[in-house]
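**Student:** test case, fold it:
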Amino acid sequence: MIWTSEVTDSKEPPFSDKLMLQMITSLIASGMSSYGKAMSVSPRRDLGVKYARLITEIGQYADDGAEIMIKNEWMEQPPISADRKDLAK
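**Tutor:** Predicted structure coming up:
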């Protein structure tokens, strides 16, 4: 494989949709945390309100991405703890 940055005539995308959506959701989460950090250190109260509004709007955008991942069965179930009631039997 040749590592050049030239335009090719390939019809096949270099990255999968699953990988691209995972990257976008990671960037969205990073942006939300940056607004949270900025809100916590900002001495101006008016900026805190704007940061909170932006976090809410970005959260709705992130929810759309999560719904796409669920619909396509790309999102895995996170690890869960054992059912203690079932183990006690």
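**Student:** for S34, give me the pLDDT.
**Tutor:** What the model reports for S34 is a pLDDT of 93.
**Student:** which element, helix or strand, includes it?
**Tutor:** helix 17-41 (DSSP states H and E).
**Student:** helices or strands up against the helix or strand that that helix is followed by?
**Tutor:** Beyond helix 17-41 on the C-terminal side, the first helix or strand identified by DSSP H and E is helix 45-71. Applying 3 or more CB pairs under 8 Å, 6 or more residues apart in numbering; DSSP states H and E, we find helix 45-71 packed against helix 17-41. For the C-beta atoms, the positions are set from N, CA and C on the backbone; glycine is no exception.
**Student:** name the residues that touch the helix it packs on?
**Tutor:** Contact with helix 17-41 is made by 47-48, 51-52, 54-55, 58-59, 61-62, 65-66, 68-69, 72, 74, as judged by CB atoms under 8 Å, 6 or more residues apart in numbering.
**Student:** and it, how far from the chain's centre?
**Tutor:** Distance, stretch centre to chain centre, for helix 17-41: 6 Å (CA atoms, centre = their mean, to the nearest Å).
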